[in-house]
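Undergrad: Need a 3D model of the following:
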Amino acid sequence: MSRPRILVVDDEPQIHRFLTPALDAAGYEPARADTGAQALREIARRPPDAVVLDLGLPDMDGKAVLIQARTFYAGPIIILSARDRELEKIEALDNGANDYVEKPFGVGELLARLRVALRERGPRSQPLKTVQAGDLTIDFDKHLVTREGAPVRLSPKEFEVLTALAEGGGRVITHKALLLAVWGAAHGEDTQYLRVFIGQLRAKLEAAPSAPTLIVTEPGVGYRFVVPEKPGE
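TA: Residues are numbered from 1 along each chain as shown. As a prediction, this is how the structure comes out:
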């Protein structure tokens, strides 16, 4: 069976020097592009299983590469960048990135983000029916949430917010994307309204709501629903 092919788009040689062997050791087939134009040609010519894309490229902005790639490529794209402005992250995620990792970064973190992205790659042939996260089970067909087998009472809006997060498959869902999905365009900027619902969900679902492990905050950007990895993954 062929190994998942990961295209790393970055003009820094040192990034390729340590990522190439790390990806290889983790069971991936690493591929390289040093410019935006080269990356777009490579994605079109031989679509990889996932793309790790730097925003600071010598020939074009990485966001432009992301936007162009999304017109013909549906696989996971993880942004890798030294830019730490929240707006940059939000724009990248809203333009189709699956995740965002800041430089400097740990290889372990990037590999974990890749595993999550690859588990969720491509459109599902069937709608998601259930999600299991530790002792929490979400049954989308029945609109039922249980924790340790006991039903958890959620309001319709709370269930919609949880569904939008859980269907993200570990991706960061921006504040705006959540608000649009659940409340519509009229509430696209009501982030404080969203925080109230996130707080209510954590109180009902998290073992320690003040230190959440299921619904995790990405400061200034949004939230991600984290499913604990099973041993050996």
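
Undergrad: pLDDT score for residue 128?
TA: Predicted confidence (pLDDT) at residue 128: the value is 61.

Undergrad: Now do the helix or strand bottoming out on mean pLDDT in the chain: which elements does it pack against?
TA: When the helices and strands of the chain are scored by mean pLDDT, DSSP states H and E, helix 175-183 comes last with a mean of 80. Packing partners of helix 175-183 (3 or more CB pairs under 8 Å, 6 or more residues apart in numbering; DSSP states H and E): helix 86-94, helix 156-166, helix 191-205, strand 222-225. Placement of C-beta: from N, CA and C, glycine included.

Undergrad: how many degrees apart are it and helix 191-205 in direction?
TA: 70 degrees (axes from the mean of the first three to the mean of the last three CA atoms, to 10 degrees).

Undergrad: buried stuff in helix 175-183?
TA: 175-179, 182-183 (16 or more other CB atoms under 10 Å).

Undergrad: Direction-wise, compare it with helix 86-94 and give the angle.
TA: Computed by the same axes, to 10 degrees, the angle between helix 175-183 and helix 86-94 is 50 degrees.

Undergrad: what sits up against helix 175-183?
TA: Contacts of helix 175-183 from elsewhere in the structure, counted by CB atoms under 8 Å, 6 or more residues apart in numbering, are 90, 93-94, 157, 160-161, 164-165, 187-191, 193-194, 221-223.

Undergrad: that older thread, need the helices and strands packed on helix 175-183 in a markdown table (columns: distance to residue 79).
TA: Formatted as a markdown table, the entries for the helices and strands packed on helix 175-183 read as follows, by distance: least, CB to CB, whole Å:
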| stretch | distance to residue 79 |
| --- | --- |
| helix 86-94 | 5 |
| helix 156-166 | 20 |
| helix 191-205 | 22 |
| strand 222-225 | 14 |
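
Undergrad: which of those is buried the deepest?
TA: Taking mean count of other CB atoms under 10 Å as the contact definition, the stretch among the helices and strands packed on helix 175-183 with the greatest mean neighbour count is strand 222-225, which reaches a mean of 23.
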